[in-house]
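*Asks:* sequence and predicted model, in that order:
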Amino acid sequence: MEAEHRAQRTFIAWWTLACVLKLVVAARLPLFVDEAFYWQEGRHLAAAYSDLPGMTAWLARLGTSLGGDHVLALRMPFLLMGALLPWWVARIGRRWFGAIAGWRAGTLAVLLPLLGMLGVLALPDVPLALATVLCLHAGVRMLEDVTPLAAMELAFGLALGALSHYRFAGVWVAGTVVLLLLPQGRHLLRDPRVLLAGAFGLLAWLPLLLWNLENGEAGLRFQLVDRHPWALHGGGWSFIPVQALLVTPLLAVALLQAAWVTGWKRRPARPQWRFLALFGSIIVGGLFVLSFVADAERVSFHWPVPAYLALLPAAARVLETWPVQWRGATWTVTGLGLLLALGWCLAVSTPALREASAGSKHYPRNFAGWEPLAKAVREELEAMPPGTQLLADDFKVGAELGFALGDPDIAVLDHPLNHAHGRAPQLRKWDLLADGLPQAPALLVLAPGDVSFRDLLRRYQALCERLGPLPPASRTVLVDHGATRFLLVRLPANAPVPAAGCVAPALAWIDAPEPGARVPPRFEVGGWAFKEGVGLARVEVLLDEAVVAEAEYGQPFDVSGHFPGSTDPNQPRVGFRAQVDLPASQAGTRWLGLRLHGSDGSVEEWPRQQVRITADDADR
């Protein structure tokens, strides 16, 4: 009894601490771009959407309706759902694996980073995980006795999952396969109460099915065809180390051992053990195989969460058989994993730490820059005529600005990103996809970083075909030294589109010095820059905010191999060279950038890169 009480107190203590930490993080962490789009969907309530069923949008609308358009209010329903998960895991464990193992399984559900972070962001994985654990709990109960309460729980879980995400179909498949493998499961599939619960769960897919029938199966095609290459690639091998890292290595071993011992090595007396082990094994094994042919471009590391929910009770029991030192190491490493995950979120929410990561591949771009952009947009709109239309480059910009400005109806240009994330059909359904010239003055918000650099010129040329020659940007918004950059362009109403010719924002590159290079106080800056249609008049070199050199522009530099079809009149002489000569007192870590002056009067700030200036020339 004392051991059981100690396990219970440990669970409650960790659960309480985790809830408090998650609440603090959720209140501080800037809005993620997908969360912003779910907020926008919540402002256009519907039974289903192009990217998801309706549950995530409904929860987002519930949170903001009660608490206002604040990130914490948006995330609150998801935080509450995430807080319920460990209790349900503990409930399964206590009933079928013993009270001590059950409370410890609940504690593992609190600490395991992939599970412990659920609710910090308003994402569909939270209701999907809750639906999964409800179905698991109902399933193992009904293997012993089919009661009306268990059947209702199963029906609710199946419906909640169907309203949460397409991926819940995998839970359906895995659960059905496991029931067919077990004699007790095959008996359940003949029980009218179980069949009625399943029918109720299937009906919950109806809104999504109807949406797809009405919209040319756009959602299904995106989820099952467009986003996946369905061709073998080596990216699947990363599944193993990524999952081991995110689950934490020692706990990953315990989960695998639990799946093997309780599901495959021997037939335990309780079918509930085998049900959970087989379910978790099928989910993990299926996703591992799928990772060799499925989407490797977008984040998918969280997909195995349903498997871990099923395997944790058995893993807690397996850990009891490990030597004390290994048990202690497992708990310690798992707890540190959660703290590191929460610490990363706090770092992302801290401007100074986020700025320090600028220029690295770990820079959290999807969390950064929205508040400075919203401030700049407000100022621009105040200076423009009444009735000025706001026009966003892509769905990310439109949704984030919509949340910041309280406007869910910001028009969005056709953009590759809209299609890559399955949002283009929904924008079209809302009549927010801007296909023609604005009928009133418009402020165009461009996000050059949302297109790969090699495709940026083609993107600008496509904008010219739609909107005509682009006026000079009225403002460049640089966030974190330009790691996030936006261009604000004032468009006149009903501007004619010429048959040929394009004027677009400038493109540039610094060849020397390289990012992070050590340079003496006197060093050379070289590279290339051009501006479609009109060319550049001059290039200034900046160090932090100050101009430190005027570049010699017009050096021979042919970029046609990377940007064919450029109409800059200076091609192929678009290179520049500049000598920077600083006093030794300027030594230290600095940010090197460019200010590009177009022949049309435009002035654009180019993203900066870090250099380390040494004390004297001898250190070169």
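*Replies:* Looks like it arrived, so ask away. The structure presented is a predicted model; accordingly, all values stated were derived computationally and were not measured. Numbers count the residues shown, from 1 in each chain.
*Asks:* now do the worst-scoring helix or strand of the chain on mean pLDDT: distance to the chain's middle.
*Replies:* Every helix and strand in the chain was compared by mean pLDDT, DSSP states H and E; the lowest is helix 351-356, with a mean of 88. Computed by C-alpha atoms, centre = their mean, to the nearest Å, the separation of helix 351-356 from the middle of its chain amounts to 19 Å.
*Asks:* do the same with stretch 320-337
*Replies:* Averaging C-alpha positions (C-alpha atoms, centre = their mean) puts stretch 320-337 31 Å from its chain's average.
*Asks:* next: stretch 155-169.
*Replies:* Distance of stretch 155-169 from its chain centroid, counting by C-alpha atoms, centre = their mean, is 21 Å.
*Asks:* heads up, I number from 35, so please use that
*Replies:* Done: numbering now begins at 35, and the last item shifts to stretch 189-203.
*Asks:* what comes up buried for that stretch?
*Replies:* Residues of stretch 189-203 classed as buried: 189-202 (neighbour count, 16 or more other C-beta atoms under 10 Å). For the C-beta atoms, the positions are set from N, CA and C on the backbone; glycine is no exception.
*Asks:* same thing with stretch 308-325?
*Replies:* By neighbour count on 16+ other C-beta under 10 Å, the buried set for stretch 308-325 is 308-318, 320-321, 324-325.
*Asks:* all strands for the stretch 85-234 of the chain, in order.
*Replies:* Remark: no strands are assigned in the stretch 85-234 of the chain by DSSP state E, counting those that start in this stretch.
*Asks:* what about the helices in it?
*Replies:* Taking DSSP state H, counting those that start in this stretch, the helices of the stretch 85-234 of the chain run over residues 89-101, 105-131, 133-145, 147-150, 159-176, 182-196, 202-215, 217-222, 226-237.
*Asks:* would JSON lines of the ones you listed with mean pLDDT and distance to D448 be doable?
*Replies:* Converted to JSON lines, these look like this (pLDDT from 0 to 100; distance: least, C-beta to C-beta, whole Å):
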{"stretch": "helix 89-101", "mean pLDDT": "97", "distance to D448": "23"}
{"stretch": "helix 105-131", "mean pLDDT": "97", "distance to D448": "27"}
{"stretch": "helix 133-145", "mean pLDDT": "96", "distance to D448": "43"}
{"stretch": "helix 147-150", "mean pLDDT": "94", "distance to D448": "35"}
{"stretch": "helix 159-176", "mean pLDDT": "97", "distance to D448": "29"}
{"stretch": "helix 182-196", "mean pLDDT": "97", "distance to D448": "31"}
{"stretch": "helix 202-215", "mean pLDDT": "96", "distance to D448": "30"}
{"stretch": "helix 217-222", "mean pLDDT": "93", "distance to D448": "49"}
{"stretch": "helix 226-237", "mean pLDDT": "96", "distance to D448": "36"}
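*Asks:* among the ones you listed, which is nearest A410?
*Replies:* helix 105-131 (20.1 Å; C-beta to C-beta).
*Asks:* tell me the buried residues in the closest one?
*Replies:* Buried positions in helix 105-131, judged by neighbour count with 16+ other C-beta under 10 Å: 105-113, 115-117, 119-120, 122-131.
*Asks:* ok so, going back, now, among the buried residues of stretch 189-203, which is nearest to L289?
*Replies:* R201 (19.7 Å).
*Asks:* out of the helices of the stretch 85-234 of the chain, which is closest to R624?
*Replies:* Proximity to R624 (C-beta to C-beta) singles out helix 105-131 among the helices of the stretch 85-234 of the chain, at 33.6 Å.
*Asks:* ok, back up a step: list the buried ones in the least confident helix or strand of the chain?
*Replies:* Residues of helix 385-390 classed as buried by neighbour count (16+ other C-beta under 10 Å): 388-389.
*Asks:* likewise for stretch 485-504?
*Replies:* By 16+ other C-beta under 10 Å, the buried positions in stretch 485-504 come out as 485, 490-491, 493-498, 501-504.
*Asks:* ok, stretch 388-403 next?
*Replies:* Neighbour counts over stretch 388-403 (16+ other C-beta under 10 Å) mark 388-389, 391-393, 397-403 as buried.
*Asks:* Serialize those to TSV and add fields for secondary structure and distance to G253.
*Replies:* Below are those laid out as TSV (DSSP: H, G, I helix; E, B strand; the rest coil; distance: C-beta to C-beta, whole Å):
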residue	secondary structure	distance to G253
R388	helix	34
E389	helix	38
S391	coil	35
A392	coil	36
G393	coil	37
Y397	coil	31
P398	coil	28
R399	helix	26
N400	helix	22
F401	helix	26
A402	coil	29
G403	coil	29
